[in-house]
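Colleague: just to be clear, the model below is a prediction. Sequence and coordinates:
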Amino acid sequence: MNLSAEQQNRLSQIISTELNCAHSLAEILQREQNALKSHDPEQVLDISREKQQAVDQMQECARQRDRLLASLGVAGGSAGINKLLQTNNAGTCADLWRQLEDIAGKLREQNEINGGILALSQRHNKQALDLLCGRTDSRNTYGARGQHNQDQSGHSLAKA
C-alpha cells in the first residue's frame, strides 16, 4: 500500500501527538518516582491521577493510529505500522515512529523502577505491621512450586 501525501501527513500528526503524550508521561513518571521516594502518599495519588489521564490520551492516539491503519487495509499495532513504513518512503513518519518506540522503552523502564520502589515500600510497611502485631518470627518463604508461603504464627504486642 502506497501512502498518499495526505495519508502520510495524517499519520505523522497522530504519531507526533502520541510522541508529545509520551514525553509528558515520561515527565509524570519521573515526578512519581520522586514522590514515591519522598513517601508522600497525597502527592503520589495526585500524580497517579495525572498519569492515568496521560495514559488515556496515549491510548486514544493509538486507537486513532489503528483506525487510520485499518482504513488503509493494514493491521494495527507495531507490526502493522512497521510493515507500512517499510513499504513506503515515509521518512518523517518513520523518524517519528522510531522516536516513539524509543521513548516507549524508556517509559516501560521507568514504570518498572517506580513499581519496584512501590513494592519495596509495601514490603517495609508489611514488615512494620508484622512487628506491631507481634509476628516478628514470620517467615516469607517459597514452596517447591515457587508459591509464596507466609508463616504468620505470632502474637500481638498488646492484649486487653
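Modeller: Now that the structure is in, tell me what you want to look at. Note that this is a predicted model, so its numbers are computed, not measured.
Colleague: and residue 93, which helix or strand is it part of?
Modeller: Here residue 93, judged by DSSP states H and E, is contained in helix 91-132.
Colleague: what's the pLDDT at residue 4?
Modeller: Looking at residue 4, its pLDDT is 84.
Colleague: please, where are all the strands along the chain?
Modeller: Using DSSP state E, the strands of the chain run over residues 139-142, 148-151.
Colleague: mean confidence score for the last one?
Modeller: When pLDDT is averaged along strand 148-151, the result is 57.
Colleague: how far away is residue 18 from residue 73?
Modeller: 21 Å (Cβ to Cβ, to the nearest Å). To be clear about C-beta, it is placed using only N, CA and C from the backbone, and glycine gets the same treatment.
Colleague: can you tell me the closest non-neighbouring residue to residue 113?
Modeller: Once its chain neighbours are removed from consideration, residue 113 has its nearest residue in residue 33; the separation is 6.3 Å (Cβ to Cβ, 6 or more residues apart in numbering).
Colleague: quickly note the distance from that neighbour to residue 8.
Modeller: Look at residue 33 and residue 8: by Cβ to Cβ, they are 37 Å apart.
Colleague: try residue 91
Modeller: For residue 91, the distance to residue 8 equals 9 Å [Cβ to Cβ].
Colleague: compare neighbour counts for these two and give me the winner.
Modeller: Neighbour totals were compared for residue 91 and residue 8, and residue 8 leads with 17 against 11 (other Cβ atoms under 10 Å).
Colleague: right, and the more buried one touches residue 93 too?
Modeller: Yes. Under the criterion of Cβ atoms under 8 Å, residue 8 makes contact with residue 93 at 5.8 Å.
Colleague: which phi and psi does residue 87 have?
Modeller: Listed backbone geometry of residue 87 is phi -90, psi 0, with angles given as degrees, to the nearest 10.
Colleague: what about it, how many neighbours?
Modeller: With other Cβ under 10 Å as criterion, residue 87 counts 12.
Colleague: then residue 102?
Modeller: 12.
Colleague: and residue 120, by the same measure?
Modeller: Residues near residue 120, counting by other Cβ under 10 Å: 11.
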